[in-house]
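K.L.:
sequence-free structure coming up:
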Ligand SMILES: Nc1nc2c(ncn2[C@@H]2O[C@H](COP(=O)(O)OP(=O)(O)O)[C@@H](O)[C@H]2O)c(=O)[nH]1
Ligand SMILES: [Mg+2]
């Protein structure tokens, strides 16, 4: 027996059907058929109002037809045939209709592609293909703009320049370019994934009140009795165009009740995984050793001394923002401080940003290789990103 797979039939591979609209139900769906079988499919399935076969010549004119996919009633659809071998079917976006139209295309000899596979094939530049796929997940116009810059070649050009510098023996220039790219990795990895900002601190300090104030609505339960927030409550918000997931916790402290202990453990885990930890303290209470211990344990935390609408409690406190969750005017001050931490140096338009873990890893690897005096290997590692 021959263990080798037979070569793929190129003709079969060229006839493809792809749903281009987002997964899930929508008002309108777009199916894209590609390949020489389009002519046969049109002859078999496209009908005019009278029920007679409709002709769809290539050209920019969209046509309303009834597409006979083998169901009880043909489906109304707008056909657009930009080229001989490309046909777009714009139809109602219900999940079942779309699935049956795809099945009909498969029965006609088309191979189903996911939109990601289709993109991979469409875009010769793999970085552009990845950027286009990432754009589908951008949450804000600001992050979408940055991904669009990468789609249009900002990152590709920077990587090419670094690789060229390496090959010309210009190690200093290559190192400088790679350092600039590496500095952008933390930002790039948050264009799709929001930054995680965790609110922690002793119970009753006002963490849940602050989450509510920052999100602008009552997302977390606020209660005068300590220990109300036993699990994590989170909300994704947008600050200055950046997506941020705010995570409220039960507070970090010794807990007696097992459910509470679970909440405290969750809080500790969240604190360790956070991009930014906000430690909230009640400024109206005396500053004590427990609070001092918390600030020592998380020296990287942003400190908020909350309830500053009340009289200040005794004891010297470490420096931090003095705010009140009950004062709307303090919200922008808190966001400013948060953003200074998360995006200290916002990128300028057109800047190159490595925006996936793979791209980031390639940049880091290239820097390591350069450090270890292997400029050729570093250049190869970068060039690999550019090949289709
Ligand atoms: N006066 C005042 N009370 C506050 C402030 N922030 C929170 N509180 C109150 O403090 C209590 C505990 O707040 P909560 O947000 O549940 O604290 P958490 O346990 O840290 O989540 C509630 O009664 C809040 O209304 C503030 O800035 N000023
Ligand atoms: Mg709470």
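P.N.:
Yep, it's here. Since this is a predicted model, take the numbers as computed values, not measurements. Ligands and ions are numbered 1, 2, ... in the order given.

K.L.:
Show me which residues of the stretch 251-388 of the chain sit near ligand 1.
P.N.:
For the stretch 251-388 of the chain, the contact set with ligand 1 under C-beta under 6 Å from any ligand atom comprises 251, 306, 307, 309, 310, 324, 325, 326. Quick note: C-beta positions are derived from backbone N, CA and C, even for glycine.

K.L.:
what about the fifth one, neighbour count?
P.N.:
Residue 310: 13 surrounding residues under other C-beta atoms under 10 Å.

K.L.:
Could you tell me how far the most centrally placed residue in the chain is located from ligand 2?
P.N.:
The chain has residue 192 as the residue nearest its centroid, 1.7 Å off, counting by C-alpha atoms, centre = their mean. Between residue 192 and ligand 2 the distance is 29 Å, computed by C-beta to the ion, to the nearest Å.

K.L.:
likewise residue 62?
P.N.:
55 Å.

K.L.:
Hmm, that residue is touching residue 77, no?
P.N.:
No - in this structure, residue 62 is not within contact of residue 77 by C-beta atoms under 8 Å, at 10.1 Å.

K.L.:
Count the residues that sit near residue 247.
P.N.:
Residues near residue 247, counting by other C-beta under 10 Å, number 24.

K.L.:
part of a helix, is residue 324?
P.N.:
No - counting by DSSP: H, G, I helix; E, B strand; the rest coil, residue 324 is not found in a helix; it is coil.

K.L.:
Got the confidence number for the spatially closest residue to it that is not a sequence neighbour?
P.N.:
Computed as C-beta to C-beta, 6 or more residues apart in numbering, the closest residue to residue 324 that is not its neighbour in sequence is residue 309, at 4.3 Å. Per-residue pLDDT puts residue 309 at 97.

K.L.:
Residue ranges in the chain under the pLDDT threshold?
P.N.:
For the chain, the stretches flagged by pLDDT under 70 are 1-13, 217-232, 250-266.

K.L.:
How is it divided into domains?
P.N.:
Here the domain parsing of the chain from automatic domain parsing is 11-122, 126-184+354-383, 195-342.

K.L.:
Selection in PyMOL covering whichever of the residues of the stretch 251-388 of the chain next to ligand 1 are buried, please.
P.N.:
Buried residues among those (16 or more other C-beta atoms under 10 Å), as a PyMOL selection:
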select buried, resi 251+306+307+324+325
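
K.L.:
Ligand 2: which of the residues of the stretch 251-388 of the chain next to ligand 1 is nearest?
P.N.:
Proximity of those to ligand 2 (C-beta to the ion) peaks at residue 251, which lies at 6.8 Å.

K.L.:
TSV please, covering the domains of the chain and showing distance to residue 348.
P.N.:
Output for the domains of the chain, formatted as TSV (distance: least, C-beta to C-beta, whole Å):
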stretch	distance to residue 348
domain 11-122	28
domain 126-184+354-383	10
domain 195-342	14
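
K.L.:
Burial check on the closest residue to residue 156 other than its chain neighbours, number of neighbours?
P.N.:
Distances taken as C-beta to C-beta, 6+ apart put residue 127 closest to residue 156, at 5.0 Å, once the chain neighbours are dropped. Using other C-beta under 10 Å, residue 127 has 22 neighbouring residues.

K.L.:
Looks to me like residue 127 is in a helix.
P.N.:
Yes - counting by three-state DSSP, residue 127 falls inside a helix.

K.L.:
how close does it get to ligand 1?
P.N.:
Going from residue 127 to ligand 1 by C-beta to the nearest ligand atom, to the nearest Å gives 44 Å.

K.L.:
What about residue 124, how many residues nearby?
P.N.:
With other C-beta under 10 Å as criterion, residue 124 counts 10.

K.L.:
who touches the spatially closest residue to it that is not a sequence neighbour in this structure?
P.N.:
Nearest residue to residue 124, sequence neighbours excluded (C-beta to C-beta, 6+ apart): residue 388, at 5.2 Å. Residues in contact with residue 388 (C-beta atoms under 8 Å, 6 or more residues apart in numbering) are 124, 125, 126.

K.L.:
what about 10 Å?
P.N.:
Neighbouring residues of residue 388 by C-beta atoms under 10 Å, 6 or more residues apart in numbering: 120, 121, 123, 124, 125, 126, 129.
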